[in-house]
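Asks: no FASTA, just this:
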């Protein structure tokens, strides 16, 4: 693992602190940056979009769509991951967020804020992890080829299901209106464009590792900018940040446990089971944050909820990785799939 991956939690914490300081120290600069959009009425922030392109494109270069045809030889792990990602995860997150923000935390959260936080949690859960999956797989000694297939299939499904699921669940769980056009703009800008660029670069340039430094630098700057945009929200709603973290954390452990348990029940080998469980629990937070900002604005409660997801993702996912590594003996060394 390189220096960034080894101390990922530290870098995230540093970026969070730096972003908050920058946001409080230079509010006019942040307001100017927030006002820059890609296209008229898209509500998509241009600086964040560019940074996300730089960050995600090298990850998309690792997606080998030709490998999908080989998945039929070992389908169980993929089927479990897809079941958790698209059948369980978005709906369980909607249920958890509604329960906590409307019932458990009702004394501390206004109904209008609850709507925003529920929306942010749903957006977060509807975007399965893409970029960080390769780090989690590496930490659990996962099968890199199978992980690649899981990411490839998830990306293809996300192109079709992300926008409809987000609109359906937010409309059902809150009083917010979700402009479908903005959702599709987000899918095109944050998935289709970097995916297409990744395919082209993979063909003509080669290994994604050549761009790893750019990708990691873009991630750091993206985090700084996100936390700078949310500086007032974070400092004025500290209690809300803590409350938002509760259902998101529970959702991560619930989905990872469910996926891991199903993998064990179906006797999937550990090198497939562990990454599959981690994919089912983690989130494509870059897309989630960008979509929340595009839909509701950079200083909205929905954007704050997705940022809290960024804040807790790394330490929580590292704890899941540790649990998977400690339970390696639960799984067959080489199961027939």
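Replies: Structure's in. What do you need? A quick note: this is a predicted structure, and the numbers were derived from the prediction, not measured. Numbering: from 1, shown residues only.

Asks: Now tell me which helix or strand of the protein has the poorest mean pLDDT.
Replies: Across the helices and strands of the chain, mean pLDDT, DSSP states H and E gives its lowest value to helix 3-6, namely a mean of 63.

Asks: buried ones in the next helix or strand after that one?
Replies: Using DSSP states H and E, the helix or strand that follows helix 3-6 in sequence is helix 8-25. Neighbour-count burial for helix 8-25, counted by 16 or more other C-beta atoms under 10 Å, picks out 8, 11, 12, 15, 16, 19, 20, 22, 23. C-betas here are computed from N, CA, C, even on glycine.

Asks: Can you give me the neighbour number for the closest residue to the last one other than its chain neighbours?
Replies: So that's residue 23. Among residues not flanking residue 23 along the chain, residue 231 sits closest, at 2.6 Å (C-beta to C-beta, 6 or more residues apart in numbering). For residue 231, the number of neighbouring residues by other C-beta atoms under 10 Å comes to 20.

Asks: and what of residue 203?
Replies: Around residue 203 there are 9 residues (other C-beta under 10 Å).

Asks: Now the helix or strand encompassing it: buried residues?
Replies: Using DSSP H and E, residue 203 sits within helix 193-204. Buried positions in helix 193-204, judged by neighbour count with 16+ other C-beta under 10 Å: 193, 194, 195, 197, 198, 199, 201, 202.

Asks: Stretch 73-90 now?
Replies: Buried, per 16+ other C-beta under 10 Å, within stretch 73-90: 74, 76-78, 80-82, 84-86, 88-90.

Asks: distance between the ends of that stretch?
Replies: End-to-end span of stretch 73-90 (C-alpha to C-alpha, to the nearest Å): 28 Å.

Asks: Contacts made by it with the rest, please.
Replies: 71, 122, 125-126, 128, 146, 149-150, 153-154, 157, 161, 165, 169, 251, 255, 258-259, 262-263, 266, 268, 272-273, 276, 279-280, 337 (C-beta atoms under 8 Å, 6 or more residues apart in numbering).

Asks: If any of those are buried, give me the ChimeraX selection for them.
Replies: Those of the contacts of stretch 73-90 that count as buried under 16+ other C-beta under 10 Å are selected in ChimeraX with:
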select :71,122,125,126,128,146,149,150,153,154,161,165,169,251,255,258,259,262,263,268,272,273,276,279,280,337
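
Asks: Return the list of helices and strands in contact with the host helix or strand of residue 234.
Replies: Using DSSP H and E, residue 234 maps to helix 231-236. Where contact means 3 or more C-beta pairs under 8 Å, 6 or more residues apart in numbering; DSSP states H and E, helix 231-236 is packed against helix 8-25, helix 27-34, helix 301-326.

Asks: Include distance to residue 244 and mean pLDDT when you put those into CSV, please.
Replies: Below are the helices and strands packed on helix 231-236 laid out as CSV (distance: least, C-beta to C-beta, whole Å; pLDDT from 0 to 100):
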stretch, distance to residue 244, mean pLDDT
helix 8-25, 14, 85
helix 27-34, 21, 88
helix 301-326, 4, 86
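
Asks: could you dump those to TSV with distance to residue 189?
Replies: TSV is the format used below for the helices and strands packed on helix 231-236 (distance: least, C-beta to C-beta, whole Å):
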stretch	distance to residue 189
helix 8-25	22
helix 27-34	16
helix 301-326	16
